[in-house]
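# Pasting the sequence and the predicted coordinates here, then a few questions.
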Amino acid sequence: MSILYPNNHYNSVHEIDYKQLQVLGVKAIIFDIDNTLVPYDILEPTPQVIGLIEKLQKDGFKLCLISNNNKNRVDLFNKELKLPAIAKAYKPLSKNIKKGLALLGSQADQTALIGDQMFTDVWGGNRVGLFTILVRPIQDKEEWITKIKRGIEKKVFKKYISKKEKTND
Ligand SMILES: [Mg+2]
């Protein structure tokens, strides 16, 4: 079960303590797009997201996008950002997450993966040995398969939280 547990969790990408990530030795970040950076139906990055990306780049982070969504979605979202990006990533499979590392020129233990789903982002990132961060999904208007997964995910998340609280005692 712990393969589904993130190293850390936050309400949103804008609340993450990126300074702390740097202290931990993280030099590169792989972002999920849908419901992590923007809702599914927002095709382009918001000014807030653009601001975040620019700030992280200025702080020295190397950035990459990895989405299970199709190439059109990823290309349109990435049009102005021009980040290394992988569409149809089939997370939690490790192949394309490793490809992301190669695009970034980064090692697994110096890379964080930030996403909103335990069963794709966290599981995939953990498999490859990345520092995984779970964020609360921006919006709940989702495809039915994701909805089904969410039900199970809630249970796993509760277990993760109770385990985390125990270790913090
Ligand atoms: Mg997502």
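Thanks, I have the structure now. Numbers count the residues shown, from 1 in each chain.
# lowest confidence element among the helices and strands of this structure?
helix 144-168 (a mean of 82; mean pLDDT, DSSP states H and E).
# For it, buried residues please.
146, 149, 150, 153, 156, 157, 160 (16 or more other CB atoms under 10 Å). To be clear about C-beta, it is placed using only N, CA and C from the backbone, and glycine gets the same treatment.
# and what of stretch 62-76?
62, 63, 64, 65, 66, 67, 68, 73, 74.
# what does stretch 17-28 give?
Quick answer for stretch 17-28 (16+ other CB under 10 Å): 18, 21, 26, 27, 28.
# The residue lying closest to residue 98 once chain neighbours are set aside - how many residues pack around it?
Once flanking residues are discounted, residue 98 sits nearest to residue 128: 6.0 Å by CB to CB, 6 or more residues apart in numbering. Using other CB atoms under 10 Å, the number of residues around residue 128 comes to 20.
# Of the buried residues of stretch 62-76, which belong to strands?
62, 63, 64, 65, 66 (DSSP state E).
# ok, the residues you listed vs the ion, which is closest?
For these, the residue nearest the ion by CB to the ion is residue 66; the value is 9.9 Å.
# any idea how far that closest one is from residue 56?
16 Å (CB to CB, to the nearest Å).
# List the buried residues for stretch 43-58?
Going by 16+ other CB under 10 Å, stretch 43-58 has these buried residues: 45, 49, 52, 53, 56.
# If I follow the layout properly, the third one ends up in contact with residue 16?
So that's residue 52. No - using CB atoms under 8 Å as the test, residue 52 is too far from residue 16 to be in contact (9.2 Å).
# re earlier: correct me, but the residue nearest to residue 98 touches residue 99?
No - with contacts defined as CB under 8 Å, residue 128 does not count as touching residue 99, sitting 10.3 Å away.
# tell me how far the least confident helix or strand of the chain is from the chain's mean position?
16 Å (CA atoms, centre = their mean, to the nearest Å).
# who touches it?
1, 2, 4, 5, 6, 117, 118, 119, 134, 137, 140, 142 (CB atoms under 8 Å, 6 or more residues apart in numbering).
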